[in-house]
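K.L.:
Fold the following and give me the result.
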Amino acid sequence: MQQNITIDYLNFEYYFKRYNLKIMLKLSTLIILQMIILASTSQAQVWKWANSLGSENTSTSIKTIKPHAGSNLLMCGSFAAPSLVLGSQTVSNYGQDDAFLAITDAEGQYSWATSFGGANNESIVDVASHSGGEFVAIGNFSSIFLTIGDTTIANSGESDAFIVKFNADKSIAWTKKIGSTEIEEMKSVRMDESGNTYVSGQVINKFTLSTIHVFVRKYSSDGSLLWQQIGPSEGSYPQISGLALDENANVYLCGGIMGTITFENTVLTSSWPSAGFIVKFSSSGALLDTTMNFNFDKYNGIEIHQNNLYTCAEKINWGLGWGWPLSDSKILVQKLDAELNSIWSREAGGAEPVQSLDIARSISVDNTGNAYLTGTYFSDTLEFAGQTMLNPYNEDYYYPQIFVLKYSSTGEEVWGKSLGGIHSEQSAAVYAFGNDQFYLAGNFESSPFTIGDFNLNNTSTLDSFYVHLRPARYGRKPMAFVSLYDIETSIQNSSNNSPKFNLWPNPTNDLLWINCASASSNTSVQITNADGRLIQQSNFNNSSKEMLLDVSKISSGIYFITVTTEAGNTTEKFVKY
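P.N.:
The predicted structure follows:
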């Protein structure tokens, strides 16, 4: 949706004259700076809700989200805290990182959750559901023993994989283990309308970390193994990333390869650099077709709509120098037909060598064939559909922002959205269920992390480390988030009681006025820079709605001002010139 940016020039001039401020910048530059601020905060606020998951100073991670039983949503991942509170649901931790699985409704209310783990690390990496309410979760575990319901499975090596099927009433139907003395990694799971389960993954050499083979398996509704396809790999590093089913229950496996993978009598080969691949199997497990894309390093996601394939991918170019990420990649999306012929391919971002690592991690398709991509971008500006999405925190640091991009079914750019805070954010998955209606989930370090009108706080300790002798990179233990964007939302953020305030003049050179309707007798105002470092703090012990700050000694740049009252806290940007 295109946004109209307006500036009230008369009031702007009035404020300068009233408080006898000197204009030290050309008016044209001043207007540009003001437009940057407005553009970064003026997206239509149709985020219906946003929830955070996790506890202070412990890591919580969402791996993916998938639809379940109508408008409900399945989510999965891992958490390290002694317990994880999800609304009215609380699950316990039994070791280090434990796996969790939860269901939320369209209002963001959790109706069910479970966890399981042993003494070491476990995680659920993907989920899938059936229209009848059954669902399947897959994951990996490193504990010696893992108890899931009434079943205890033993680890055969370094790390093994598990499959758990749940009945519609949330009871466990069956549990399977895939394990050897090597490292097993589960990647993707799907269910068909008959209740069959399809899983993909890989087995990795525990000494060389090269891939021994990749696999696809099909299980019946009662857990019997119907068939499997093994793709041996000789001393190479293929990566499985996605799995999809078409209307005929044909199976599509995607990923990236550097080296060789062999399926039946077909050998897929790519030397340096790696290439993306897609392999198609019939519903009975026979190899039907393959394709490779040497313009991609790896396909990261795959979805199917009306027997057309929609994929997102990456192509990373590495460089030398100072700072981070020292690499670049464009955001890549491709649509193919059922015979694996390309229909269209598009790219965005990745404009600046070595400093624009822009990668799509997940893709979803709505009921009319529009494609939604999410991922992270390091670029200082991401141009898409005539919009400019800003990232003022990327230079020399490791501070990516989250993007959501929408393409039409014919490949036209429709709109782009960005969100984040002043530290690192990572999107995990997007699920679209209607035109401009989608769930978005991921992980965040910023506090606050802003999604529309919602500010999610991460109160973990802010730590720092250095990259190539550059200024310190700051970050926290990540928390997770899940949110709903709905164009049909009419009441936006009615439950958000965070204080609202106005800043003027903005940009400013010396004095900054704050007007806050909910100011109380104990109002705190903090100014932080793009690194998250505290620059200035003021406390106001009266109930005046207007507060005046002197920022004349602050260096020129973009800053963040957080106002904290009894109602909560809110953060806004301002420019000091």
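
K.L.:
From the centroid of the protein, which residue is nearest?
P.N.:
Centroid-nearest residue in the chain, with CA atoms, centre = their mean: residue 427, separated by 0.7 Å.

K.L.:
Could you spell out the sheet neighbours of the host helix or strand of that one, each with its direction?
P.N.:
Residue 427 is part of strand 425-434 when elements are defined by DSSP states H and E. Strand pairing for strand 425-434, using DSSP bridges, gives strand 437-444 (antiparallel).

K.L.:
if we look at the partner strand, which residues are touching it?
P.N.:
With contacts defined as CB atoms under 8 Å, 6 or more residues apart in numbering, strand 437-444 is touched by 52, 60-62, 64-65, 73, 75, 364, 366, 372, 374, 402, 404, 420-421, 423-433, 456, 458, 478-488. C-betas here are computed from N, CA, C, even on glycine.

K.L.:
Now, of those residues, which are buried?
P.N.:
52, 60-62, 64-65, 73, 75, 364, 366, 372, 374, 402, 404, 420-421, 423-433, 456, 458, 478-486 (16 or more other CB atoms under 10 Å).

K.L.:
Point out the ones among the contacts of strand 437-444 that are inside strands.
P.N.:
Per DSSP state E, strands hold the following members of these: 52, 60-62, 64-65, 73, 75, 364, 372, 374, 402, 404, 425-433, 456, 479-486.

K.L.:
where are the low-confidence patches of the stretch 301-450 of the chain?
P.N.:
Scanning the stretch 301-450 of the chain for pLDDT under 70 picks out the ranges 321-324, 392-398.

K.L.:
can we see that at 90?
P.N.:
317-328, 350-357, 378-381, 386-400, 420-424, 434-435, 447-450 (pLDDT under 90).

K.L.:
what about residue 553, how many residues close to it?
P.N.:
9 (other CB atoms under 10 Å).

K.L.:
List the contacts of it.
P.N.:
Residue 553 neighbours (CB under 8 Å, 6+ apart): none.

K.L.:
Equivalent analysis for residue 304, please.
P.N.:
By CB under 8 Å, 6+ apart, the contact list for residue 304 reads 244, 245, 246, 252, 310, 365.

K.L.:
same deal with residue 564?
P.N.:
499, 523, 524, 525, 526.

K.L.:
min pLDDT across these, which one?
P.N.:
Taking these together, the minimum pLDDT is found at residue 499 (68).

K.L.:
what about the helices in the stretch 151-300 of the chain?
P.N.:
With DSSP state H, counting those that start in this stretch, there are no helices along the stretch 151-300 of the chain.

K.L.:
Could I get the buried residue list for the helix or strand where residue 78 lies?
P.N.:
According to DSSP H and E, residue 78 maps onto strand 72-79. Neighbour counts over strand 72-79 (16+ other CB under 10 Å) mark 73, 74, 75, 76, 77, 78, 79 as buried.

K.L.:
could I get those as TSV with pLDDT?
P.N.:
Putting the buried residues of strand 72-79 into TSV (pLDDT from 0 to 100) gives the following:
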residue	pLDDT
73	95
74	97
75	97
76	97
77	96
78	96
79	96
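
K.L.:
Pipe those into CSV and attach distance to residue 176 per row.
P.N.:
Below are the buried residues of strand 72-79 laid out as CSV (distance: CB to CB, whole Å):
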residue, distance to residue 176
73, 25
74, 19
75, 22
76, 17
77, 21
78, 20
79, 24
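
K.L.:
Among those residues, which one lies nearest to residue 209?
P.N.:
For the buried residues of strand 72-79, the residue nearest residue 209 by CB to CB is residue 78; the value is 21.1 Å.

K.L.:
can you map out the strands along the stretch 1-150 of the chain?
P.N.:
Listed in chain order, the strands found in the stretch 1-150 of the chain under DSSP state E, counting those that start in this stretch are 47-53, 60-68, 72-79, 83-86, 89-92, 98-104, 110-116, 122-129, 135-141, 145-148.

K.L.:
thinking again about what came up before, give the partner strands of the strand holding residue 78 in its sheet and their orientations.
P.N.:
Strand 72-79 has its sheet partners listed here by DSSP bridges as strand 60-68 (antiparallel), strand 98-104 (antiparallel).

K.L.:
Mind putting those strands into JSON lines with distance to residue 519?
P.N.:
JSON lines is the format used below for those (distance: least, CB to CB, whole Å):
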{"stretch": "strand 60-68", "distance to residue 519": "33"}
{"stretch": "strand 98-104", "distance to residue 519": "35"}
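
K.L.:
Between the ones you listed, which one is closest to residue 269.
P.N.:
Going by CB to CB, the one of those nearest residue 269 is strand 60-68, 30.3 Å.

K.L.:
Contacts for that closest one, please.
P.N.:
53-54, 73-81, 84, 103, 123-129, 133, 135, 362, 428-429, 431, 433, 439, 441-443, 478-482.

K.L.:
at 6 Å what do you get?
P.N.:
Applying CB atoms under 6 Å, 6 or more residues apart in numbering, the contact partners of strand 60-68 are 53-54, 73-79, 125-129, 135, 428-429, 431, 439, 441, 443, 479-480.

K.L.:
rewinding a little: contacts for the strand holding residue 427?
P.N.:
By CB under 6 Å, 6+ apart, strand 425-434 touches 62, 64-65, 362, 364, 366, 372, 374-376, 402, 438-444.

K.L.:
And stretch 92-107, by the same measure?
P.N.:
Here stretch 92-107 has contacts from 71-76, 78-80, 82-84, 86, 91, 110-124, 137, 139, using CB under 6 Å, 6+ apart.

K.L.:
7 Å instead, please
P.N.:
With contact meaning CB atoms under 7 Å, 6 or more residues apart in numbering, stretch 92-107 is reached by 49, 68, 71-84, 86, 89, 91, 110-124, 127, 137, 139, 143, 482, 484.

K.L.:
Mark which of the residues you listed are buried, thanks.
P.N.:
Counted by 16+ other CB under 10 Å, the contacts of stretch 92-107 give 49, 68, 73-81, 84, 86, 89, 91, 110, 113-118, 120-124, 127, 137, 139, 143, 482, 484 as buried.

K.L.:
Leaving out chain neighbours, which residue sits closest to residue 87?
P.N.:
Closest residue to residue 87 apart from its sequence neighbours, by CB to CB, 6 or more residues apart in numbering: residue 110 at 3.8 Å.

K.L.:
Can you verify my assumption that that neighbour contacts residue 88?
P.N.:
Yes. The criterion here is CB atoms under 7 Å, and residue 110 meets it with residue 88 at 6.5 Å.

K.L.:
how near is the nearest residue to residue 261 once chain neighbours are set aside to residue 417?
P.N.:
Leaving out its chain neighbours, the residue that sits closest to residue 261 by CB to CB, 6+ apart is residue 231, at 4.4 Å. Per CB to CB, to the nearest Å, residue 231 is found 37 Å from residue 417.

K.L.:
With neighbour numbers in mind, choose between the two.
P.N.:
Between residue 231 and residue 417, counting by other CB under 10 Å, residue 231 is the more crowded of the two (25 against 22).

K.L.:
who's in contact with that one?
P.N.:
213, 214, 261, 262, 263.
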